[in-house]
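1. Everything below, folded, please.
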Amino acid sequence: MDRIECMRAFITTVGENGFAAAARAMDVPRSKVSKQIQALEEAIGVQLLQRTTRSLHLTEAGAEYYDAARELIASLDEAEQRARDGIGELRGVLRINAPMSFGLRRLGPLIPLFHELHPNIELQLVLSDQQVDPVRGGFDVTLRIASMPDSSMIARLIAPAPRIMVASPAYLKRAGTPQIPKDLTSHQCLNYGYLQSGVSLQLSNGKDTQRVNVTGPLHANNGDLLAQAAEAGMGIALLPDFIVEDALTAGRLVPVLCEWQAPPITINAVYPSARRVPQKTRTFIDFLIKELGPR
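-> Below is the predicted model:
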């Protein structure tokens, strides 16, 4: 039994959430992946995965072994990469997770440029507005737009993500333009997230900070959808500038309460706290900082 290859099969199976998906990712028969994991379990004497007809789950021992195995394999890959750095280009697979709107509007245009610089790195990009677990998902780097990344992970600041409160000219003509944060309580607000009730917004103007509870006809976990609803006149939305900049330039949306700012959020690169971060991961993050960071 090749212990390293069995560990890779185990890590890939957890990351892909299934034997079939892991086999496709590794380009090997499904039966081989299953046999490798079974051999690994027999070698260490514990069950790593709970298998059912429709799904599989890590056992408690499996979860602990997964974290250790992933760090070990990452260290091994890094050692091999450092050995190759002197004789060739960076290479290997780089798995990236990012929010949908950011991925399409900011990351997508940069992918061809990164590929041109590092043609031997295979990028596997997963766009999702769900808050995924980077380790369980098998991602080398996860891009998050938030006020504070998960403290159990290592994070590097990529760039600020200013937010703007916007509405369509038609909505403001119909409902009036709010002058102070309190006015939002009488407006239709379009909110980010899955909340089914009111949302509390904090807005600041210098030292003056106010918190208002707002309600509205739409809650969604995607900024582009909220921007489209705002353009259609459904209400007022607080969104990152990269989502609404084109609509603002074209006049389809206009800024509201310009002197009041929401708490700052940032674009962060989040990655597992392994002892050594692979060179390909560091290179990708450095590339994003150069392209997206403050000028």
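2. ok now the host helix or strand of residue 102, how far from the chain's centre?
-> Residue 102 belongs to helix 100-102 when assigned by DSSP states H and E. Between the centre of helix 100-102 and the centre of its chain there are 9 Å (CA atoms, centre = their mean, to the nearest Å).
3. And the contacts of that helix?
-> 127, 128, 129, 143, 145, 222, 223, 224, 240, 242, 243, 267 (CB atoms under 8 Å, 6 or more residues apart in numbering). Just so you know, the C-beta spots here come from the backbone N, C-alpha and C atoms, and that holds for glycine as well.
4. how about those residues in a markdown table, adding pLDDT, distance to residue 214 and secondary structure?
-> Listed next are the contacts of helix 100-102 as a markdown table, based on pLDDT from 0 to 100; distance: CB to CB, whole Å; DSSP: H, G, I helix; E, B strand; the rest coil:
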| residue | pLDDT | distance to residue 214 | secondary structure |
| --- | --- | --- | --- |
| 127 | 92 | 28 | strand |
| 128 | 87 | 27 | coil |
| 129 | 83 | 21 | coil |
| 143 | 92 | 28 | strand |
| 145 | 87 | 21 | strand |
| 222 | 91 | 19 | coil |
| 223 | 92 | 17 | helix |
| 224 | 95 | 20 | helix |
| 240 | 93 | 18 | strand |
| 242 | 93 | 23 | helix |
| 243 | 95 | 19 | helix |
| 267 | 92 | 25 | strand |
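5. Show the buried residues in those.
-> 127, 129, 143, 145, 223, 224, 240, 242, 243, 267 (16 or more other CB atoms under 10 Å).
6. want to throw the residues you listed into TSV with distance to residue 293?
-> Output for the buried ones among the contacts of helix 100-102, formatted as TSV (distance: CB to CB, whole Å):
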residue	distance to residue 293
127	21
129	24
143	13
145	14
223	21
224	23
240	16
242	14
243	19
267	9
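7. okay, the helix or strand of the chain with the lowest mean pLDDT in CSV with CA atoms only?
-> None of the helices or strands of the chain scores lower by mean pLDDT, DSSP states H and E than helix 134-137, at a mean of 71. Coordinates of the C-alpha atoms in helix 134-137 are reproduced here as CSV (Å, rounded to 0.1, in the frame of the first residue of the first chain):
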residue,chain,number,x,y,z
PRO,A,134,-12.3,25.9,3.6
VAL,A,135,-10.7,22.9,5.2
ARG,A,136,-13.7,20.5,4.8
GLY,A,137,-14.1,21.9,1.2
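8. how about residue 238, what does it touch?
-> 163, 164, 165, 166, 192, 201, 262.
9. and residue 124, helix, strand or coil?
-> strand (DSSP: H, G, I helix; E, B strand; the rest coil).
10. That one: what's its closest spatial neighbour, skipping adjacent residues?
-> Nearest residue to residue 124, sequence neighbours excluded (CB to CB, 6 or more residues apart in numbering): residue 95, at 4.6 Å.
11. quick one: the one you found from residue 11, how far?
-> 11 Å (CB to CB, to the nearest Å).
12. same deal with residue 159?
-> Going from residue 159 to residue 11 by CB to CB gives 31 Å.
13. Then residue 169?
-> 53 Å.
14. which of those two has more neighbours?
-> Set residue 169 next to residue 11 and count neighbours by other CB atoms under 10 Å: residue 11 wins out with 19 against 14.
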